[in-house]
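> attaching a predicted model along with its sequence, questions to come.
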Amino acid sequence: MKVGCLILSFIAFNGALFAQSEKYSEQDVLNSNGAIEVYERLNGLVGGDSVRVHNGYACDGWIEDYYTSGELLHKGYYEDGQLKIYKNYYKNKQLERQFKSFDNVRSSMLKFYPNGIVRSDAQYKFTFVDRLEERLEDNQVVRIEEMHESSDYYTLKQENYNNGAPRYVFKLTNHRSVRFLTREYYENGQLRIKGESTYEEHKFDCVRDGKWIYYSAHGEVEKEEKYANGLLE
């Protein structure tokens, strides 16, 4: 059963509050990247802080929203006004995203382009992204992120050029001493920068430690630096 609901605080379409479970135009819901992000603030499991209410009470149960032309826009299950499970759809009926919560700790978000290619695949632990993979519309992977089980630091962070070749790779190489290797590349595949870092728990951050080498686009060493606990020697 469709229920008219009000989203309290922060949700707006073109300056107007998203007032009730009615029909909305495509321009109202798509952001500049062509994604439907307007429901994310109702998702407390990924940090959302808004609540959807009806007649002064937080919404519970299944709610559907539609485009003005009649196609399904959103179907979500609400508890105490916040989303627990939901799907959004493009006007062409292609699934735009699907969110699932497995328990109070873990959840997942799968997003799609209008052509059906996966835009991103995110696994959450509490409100933090535990693992993320992002793709372009031609299916090239452009970003990968993986967090340590402690959620304190990345074990892998990689960004790629649009052709799929790596641009930046930050990877845990020694689990015991918590050391990392950073590599940056030119678009032609040539190594640009290579260096090591270590995690400093009291700073909750990684600092350079050891030798860092800088290369030209032709492979010649241009500069070398040596660090100790983040300080250039």
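Looks like it came in fine.
> could you pull out the helices for this structure?
Counting by DSSP state H, the chain has helices at residues 26-29.
> any idea which helix or strand in it has the lowest mean pLDDT?
Confidence across the helices and strands of the chain bottoms out at strand 16-17, with a mean of 34, counting by mean pLDDT, DSSP states H and E.
> shaky segments in this protein?
1-22 (pLDDT under 70).
> at 50 what do you get?
For the chain, the stretches with pLDDT under 50 are 1-3, 7-19.
> hmm, Phe180 and Phe170 touching each other?
Yes: counting by Cβ atoms under 8 Å, Phe170 does reach Phe180; the two are 6.0 Å apart. The C-beta positions use only the backbone N, C-alpha and C, and glycine is treated the same way.
> so what sits against both of the two?
Contact criterion Cβ atoms under 8 Å, 6 or more residues apart in numbering; residues shared by Phe170 and Phe180: Ser197.
> and these two? which has more neighbours close in?
Using other Cβ atoms under 10 Å as the criterion, Phe170 and Phe180 rank with Phe180 on top: 23 against 19.
> could you pull up the residues touching the closest residue to that one other than its chain neighbours?
Closest residue to Phe180 apart from its sequence neighbours, by Cβ to Cβ, 6 or more residues apart in numbering: Ser197 at 4.6 Å. Ser197 sits next to 170, 179-180, 182, 206-209 when contact means Cβ under 8 Å, 6+ apart.
> try 6 Å this time
Contacts for Ser197 (Cβ atoms under 6 Å, 6 or more residues apart in numbering) come out as 180, 206, 208-209.
> tell me the spacing between it and Asp28.
Distance of Ser197 to Asp28, given as Cβ to Cβ, to the nearest Å: 45 Å.
> picking that back up, of the contacts of Ser197, which is the most crowded?
Highest count within the contacts of Ser197 by other Cβ under 10 Å belongs to Phe180, 23 neighbours.
> ok, that residue to Asn139 distance?
Taking Cβ to Cβ, one finds Phe180 at 29 Å from Asn139.
> before we move on, what about Tyr78?
Per Cβ to Cβ, Tyr78 is found 33 Å from Asn139.
> now Tyr161
Distance, Tyr161 to Asn139, by Cβ to Cβ: 15 Å.
> just Thr155 next, same as before
As judged by Cβ to Cβ, Thr155 and Asn139 stand 25 Å apart.
> the more surrounded of the two?
Higher neighbour count among Thr155 and Asn139: Thr155, with 17 against 11, using other Cβ under 10 Å.
> pull the contacting residues for the more buried one.
Contact analysis of Thr155 by Cβ under 6 Å, 6+ apart lists 146, 148, 172.
> same check on Trp62?
The contact partners of Trp62, taken as Cβ under 6 Å, 6+ apart, are Tyr77.
> please apply the same query to Tyr86.
Taking Cβ under 6 Å, 6+ apart as the contact definition, Tyr86 lies against 76, 99.
> the one 3 residues further on too?
Applying Cβ under 6 Å, 6+ apart to Tyr89 gives the contacts 72, 95-96.
> are any of these buried, and which?
For these, a burial check counting by 16 or more other Cβ atoms under 10 Å picks out Glu96.
> now render the contacts of Tyr89 as JSON lines, adding distance to Gly61.
Below are the contacts of Tyr89 laid out as JSON lines (distance: Cβ to Cβ, whole Å):
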{"residue": "Leu72", "distance to Gly61": "17"}
{"residue": "Leu95", "distance to Gly61": "21"}
{"residue": "Glu96", "distance to Gly61": "22"}
